[in-house]
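[1] Kindly generate the corresponding structure for this input.
(chains A and B)
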Amino acid sequence: DSGVTQTPKHLITATGQRVTLRCSPRSGDLSVYWYQQSLDQGLQFLIQYYNGEERAKGNILERFSAQQFPDLHSELNLSSLELGDSALYFCASSPPGYYLPGELFFGEGSRLTVL
Amino acid sequence: AQSVTQPDIHITVSEGASLELRCNYSYGATPYLFWYVQSPGQGLQLLLKYFSGDTLVQGIKGFEAEFKRSQSSFNLRKPSVHWSDAAEYFCAVGVSDYGGATNKLIFGTGTLLAVQP
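    Got it, this is the predicted structure:
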């Protein structure tokens, strides 16, 4: 158990819909990262938040957005869903004060299926 | 641009045999390198990491990896594979913005390891 909690574990929805994925980082971690894992794209970095502020952006679509709340949990919002958005979405966290790429602690992921 | 290549998509080894998983990276500065393992239905778990110093690093579960700057490689090895090692293995390079405490991992496409009894 990494200490990172993601909900829901599984989600099935239809094209055009909107979903929200939730992540609670490990106690004390300030950074939250979102990754998308799909068969054709592999593991892709989406976005990083540090103590409520966006710090880095990767291959995140405009239809997707994220935020980190004062209690440090994070939500990834996916809207106008398309079939290609079906993937496993991972959240990860890392300890505070890291100025070098350090170890990330991954949750078990949220598997999104768009029908 | 930073990238990681894992040339072997799928590898099958017999239990008790040795294992080497290949990883090549492309990064302009000193690389920070990682190996993660993903068991079915699980998240990714860190096996080992290289930041600096000794180029042979030891990790959990009996794994080790050797950093070779001249070959831009960071291959993962294990002398004797156990059936429980069957999983997908990801090599990653860490990218950092020192001024902003921004960091992320760029992953390879993974190598799926099957272990035969």
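[2] Number of residues surrounding the nearest residue to residue A:89 once chain neighbours are set aside?
    Leaving aside its chain neighbours, residue A:89 sits nearest to residue A:110 (4.8 Å; criterion: CB to CB, 6 or more residues apart in numbering or on different chains). Bear in mind the C-beta positions are built from the backbone N, C-alpha and C, glycine included. Taking other CB atoms under 10 Å in any protein chain shown as the criterion, the count of residues near residue A:110 is 22.
[3] can you give me the helices in chain A?
    Chain-ordered helices for chain A, with DSSP state H as the definition, do not occur.
[4] Could you pick out the residues of it near chain B for me?
    Residues of chain A found near chain B, taking CB under 8 Å from any CB of the partner chain as the criterion, are A:2, A:4, A:33, A:42-43, A:45, A:48, A:50, A:55-56, A:58, A:90, A:92, A:94, A:97-104, A:106-109.
[5] In PyMOL, select just the buried ones from the residues you listed.
    With 16 or more other CB atoms under 10 Å in any protein chain shown as the burial test, the buried ones among the residues of chain A next to chain B are selected in PyMOL as follows:
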select buried, chain A and resi 2+4+33+42+43+45+48+50+55+56+90+92+94+98+101+102+103+104+106+107+108+109
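[6] Narrow the residues of chain A next to chain B to those in strands?
    Within the residues of chain A next to chain B, membership in strands is found for A:33, A:42, A:43, A:45, A:48, A:50, A:55, A:56, A:90, A:92, A:94, A:106, as judged by DSSP state E.
[7] want to try a markdown table for those, with pLDDT as columns?
    Putting these into a markdown table (pLDDT from 0 to 100) gives the following:
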| residue | pLDDT |
| --- | --- |
| A:33 | 94 |
| A:42 | 89 |
| A:43 | 92 |
| A:45 | 91 |
| A:48 | 91 |
| A:50 | 88 |
| A:55 | 86 |
| A:56 | 86 |
| A:90 | 96 |
| A:92 | 95 |
| A:94 | 88 |
| A:106 | 93 |
